[in-house]
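[1] attaching a predicted model along with its sequence, questions to come.
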Amino acid sequence: MTLLAERAAPETGRAAPPPRRRRSLARRFEPYGYVAPTVILVGLLLIVPISVVIWYSLFDNAVTNANPEFVGIDNYAQLLADGGFYKALLNTLVFTVTSVAAHLVLGLGFALLLNSQLLGRVSLAIYRAIYVLPWLFTVAIIAVLWRLILSPNGIVNYVLSLFGGGQIEWLADPSLALGAVTFINIWAGYPFFMVSLLAGLQGVPAELYEAARVDGAGVWRRFVSVTLPQVRPVVVSMTLLDLIWTSQQFALIWMTTGGGPVDATELLSTFTYKLAFTRYEFGLASASAVIVLALSMILAVFYVRHQRREEK
């Protein structure tokens, strides 16, 4: 028995890896264990749905047909030949660029006011509450509120009637509807910029402004030479994020105009929604969603590159 045990011992030793090697392997794979739950969650909630949508975009009568027909890129070709798609794309471009530009101007202007020494504590608290008020409302409340304000019998038309104006169909006139919903989105979204830029302004060292005053720089010169360079990273990041968010705006448009009248306020988001749940053309809707995703990814790439540049 002793002889057999001595012979088996080396074999058993060769079969099991040394403790140091096991620790080395465990240490090597330990980081993957930490990120595994996140990778699985991202795969289930992001990669799988995106893959399914891309797959549907290659079939005709997807979802509604048990045996959909593979059509390749025909859905994309049909979509790119649709004038309604380009109308929605143009509306999305106008709506997004105008909203983001106004968010930046208003947000920076109000942030500069709230960061200045011109207001006392009480006045500052009141103005902060007023300026951030749109951010406290849900999209549904904002939509209902502005539909009432801009209705033919609303407060806006009442004020205009005092100066001889008539009843204007702000949300029902094809020539005015896009401008009206853009204004509503500007009102609802500028606090996002204002709060972020205010935090950036409060992080600018007071010594820089003092040095600029000593050099004889005026208000405008201090703004150009000190304020803008210091808040530029915040401005660029917020602008890119707002471009992505605003280009995908759906709830506000749907609850105010539904993309109408006709297609005056049709955005890519509402256009895609109608393809899927009004016309039940899920193949075309999936193709439209893939195109929207590709456009959003372009903005996301710029955002990630900017963030990496700032980290260096």
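    Yep, it's here.
[2] what sits up against the one helix or strand Leu241 maps to?
    Per DSSP states H and E: Leu241 is located in helix 228-247. For helix 228-247, the surrounding residues in contact (Cβ atoms under 8 Å, 6 or more residues apart in numbering) are 92, 95-96, 99-100, 103-104, 107-108, 185, 189, 192-193, 196-197, 199-201, 203-204, 208, 268, 295-296, 299-300, 302-303, 306-307, 310. From N, CA and C alone the C-beta is placed, and that goes for glycine too.
[3] before we move on, what about stretch 262-280?
    So stretch 262-280 is contacted by 64, 84-85, 87-89, 91-92, 95, 174-175, 177-178, 181, 247-250, 253-254, 256-260, 281-282, 284-285, 288-289, 291-292 (Cβ under 8 Å, 6+ apart).
[4] helices - which of those residues land there?
    Assigned to helices by DSSP state H, the following of those qualify: 84-85, 87-89, 91-92, 95, 177-178, 181, 247, 253-254, 256, 282, 284-285, 288-289, 291-292.
[5] quick check on those residues: which are buried?
    85, 87-89, 91-92, 95, 177-178, 181, 247, 253-254, 256, 282, 284-285, 288-289, 291-292 (16 or more other Cβ atoms under 10 Å).
[6] what about the helices in the stretch 51-200 of the chain?
    74-80, 83-115, 121-136, 139-149, 155-162, 177-202 (DSSP state H, counting those that start in this stretch).
[7] out of those, deepest packed?
    helix 177-202 (a mean of 21; mean count of other Cβ atoms under 10 Å).
[8] so the following helix or strand past that one versus helix 228-247, what angle?
    Proceeding N to C from helix 177-202, the next assigned helix or strand is helix 206-214, under DSSP H and E. Between the axes of helix 206-214 and helix 228-247, defined by axes from the mean of the first three to the mean of the last three Cα atoms, to 10 degrees, the angle is 120 degrees.
[9] in helix 206-214, what's buried?
    So helix 206-214, judged by 16+ other Cβ under 10 Å, has buried residues Ala212.
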